[in-house]
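1. Okay, here's the prediction I keep looking at, along with the sequence it came from:
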Amino acid sequence: MKFHKTLHYEALPFENPLSLDRRCYQNLAQETRFFQPRASCPLPSSALPTREAISSPPREDTSDHWSGHLHQYAAHLTIINCCTISMEEGEGSTASKRGGGRLCFICNQRRPALKRPKTQEQICRECFYVVFEEEIHRVIMDNHLFKPGERIAVAASGGKDSTVLAYVLSELNRRHSYGLDLFLLSVDEGITGYRDDSLETVKRNEIQYGLPLKVVSYKDLYGWTMDEIVSVIGLKNNCTFCGVFRRQALDRGAALLKADKLVTGHNADDIAETVLLNILRGDIARLSRCTFIVTGEDGPIPRCKPFKYTYEKEINKYAYFKKLDYFSTECTYSPNAYRGFAREFIKDLERIRPQAILDIIRSGEDFRISTTTRMPEQGTCERCGYISSQKLCKACVLLEGLNRGLLKLGISRANGSRRHDVGHPKPEAKRPIIQNKPCGTLDF
Ligand code: SF4
Ligand code: ZN
């Protein structure tokens, strides 16, 4: 008779590893990749098993001990999430059952619903929800992203990333008692047929998730809508204006909400793309900070990226399976080379080796900037007081160009940090400009 049992656990009763029998050790060895104690795990890390301990089973069979331990331990499991033990008794092995990919790789009980993009494992929908959400929880805990009582503004565009972020954060906030006050913060760029529709989505999210919404508009903040800007400057460089204005708009909106932090839906793909682009254009200042999970701690409001290690494909699947209400139409003014070749390159790499995305992020993290490299000094804009490494911040330069009809003011990037003087615009640099990813997401 086959006996198959699956347990979810958050820590193992490993005070005495010899109380586990050989098969359990072997199963554990197979499952060890999932071994990741939760933040709430009651055991100190010294009490947790090492990979070596698990891979060296004891000689004697003490399965009674094993079951006893498990049952005893199961009593105080808050259950789930990061780890699974699969035990089988009788003929056949866990591995052979999984061989044809017939059962979920994690729970070994239900039919797989997807091949997990990050790990290529065939898993069921329920286990996907669990690993997806708990990985984000882990990132939040490990990086101390939030403190109880903080007011957190979630940058919400109505798109997939930010919708999933708002949904998952409100779930985790409840489940793990983060004690956060969450708000949705949207920017209305004034793009007819795009932002007006996506804002409707955010307004529905406000009701669906019970999160108060604040909308700030370019028209109110800068006196221009993107429609008006495009009618003047055309479809070249529109995303430069839009990205710069959005960055400030989010900061100003967060200030109006009295938020302690702003969270954005930048995912692992976005960050890998940014690392590559910053290398390609030699932007050392941005390269050195683009992999930080928290930025702007010296600015008006820190920004966090809880999706730093979350794959875009998984966000898409999560939104799809959960039937979340999001908006997926592309901006009317989106450039044709949408997201650019760096993004395509990363997608190609991911197809061959999914790990590539995480490896690029890690490479970015491990860069050491030479101490002789001159970094821009942070100050504040003389005109609006916003953080800036120049006399005037980028938004003020662009705005002045718009208001004075000097349309190329502030948009040339001959190098990563050079900027034309406001009063004496120089001719635009001849070399081609690498197109930013739309929506300003490169400006971390
Ligand atoms: Fe703005 Fe994004 Fe549209 Fe560009 S693609 S104009 S950054 S909303
Ligand atoms: Zn499963």
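-> Thanks, I have the structure now. Residues are numbered from 1 along each chain as shown. Ligands and ions are numbered 1, 2, ... in the order given.
2. how about Pro112, what does it touch?
-> Gly101, Arg102, Leu103, Cys104, Phe105, Gln122, Ile123, Cys124 (Cβ atoms under 8 Å, 6 or more residues apart in numbering). (C-beta placed from N, C-alpha, C; glycine too.)
3. And those residues, which of them are buried?
-> The neighbour count (16 or more other Cβ atoms under 10 Å) marks Leu103, Cys104, Phe105, Gln122, Ile123, Cys124 as buried among the contacts of Pro112.
4. of all the residues in the stretch 101-250 of the chain, which ones are close to ligand 1?
-> For the stretch 101-250 of the chain, the contact set with ligand 1 under Cβ under 6 Å from any ligand atom comprises Glu189, Met226, Asn238, Cys239, Cys242, Gly243.
5. same thing but at 5 Å, please
-> Applying Cβ under 5 Å from any ligand atom, we find that the stretch 101-250 of the chain lies next to ligand 1 at Asn238, Cys239, Cys242.
6. Any residue of the helix or strand harbouring Arg343 touching ligand 1?
-> Counting by DSSP states H and E, the element that carries Arg343 is helix 340-352. No: using Cβ under 5 Å from any ligand atom, helix 340-352 never reaches ligand 1; the gap is at least 12.0 Å.
7. So for that helix, mean pLDDT?
-> Model confidence over helix 340-352 averages 88 on the pLDDT scale.
8. for that helix, packing partners?
-> Counting by 3 or more Cβ pairs under 8 Å, 6 or more residues apart in numbering; DSSP states H and E, the packing neighbours recorded for helix 340-352 are helix 268-280, helix 356-366.
9. 10 Å instead, please
-> helix 268-280, helix 312-321, helix 356-366 (3 or more Cβ pairs under 10 Å, 6 or more residues apart in numbering; DSSP states H and E).
10. can you tell which of these is closest to ligand 2?
-> The closest of these to ligand 2 is helix 312-321. By Cβ to the ion, the value is 12.9 Å.
11. Tell me if the closest one is near ligand 2.
-> No: judged by Cβ under 5 Å from the ion, helix 312-321 makes no contact with ligand 2; its nearest approach is 12.9 Å.
12. Which one of the contacts of Pro112 is nearest to Asp283?
-> Sorting the contacts of Pro112 by distance to Asp283 puts Ile123 at the head of the list, at 38.2 Å, by Cβ to Cβ.
13. wait, what's in contact with Gly193?
-> For Gly193, the contact set (Cβ atoms under 10 Å, 6 or more residues apart in numbering) comprises Asp227, Thr329, Cys331, Thr332.
14. try Ile140
-> Contacts of Ile140 (Cβ under 10 Å, 6+ apart): Ala39, Phe146, Val168, Leu169, Leu172, Asn173, His176, Tyr178, Val263, Ile293, Cys304, Pro306.
15. wouldn't the fourth one be in contact with Pro306 here?
-> Spelled out, that is Leu169. Yes: using Cβ atoms under 10 Å, Leu169 is in contact with Pro306, at 7.0 Å.
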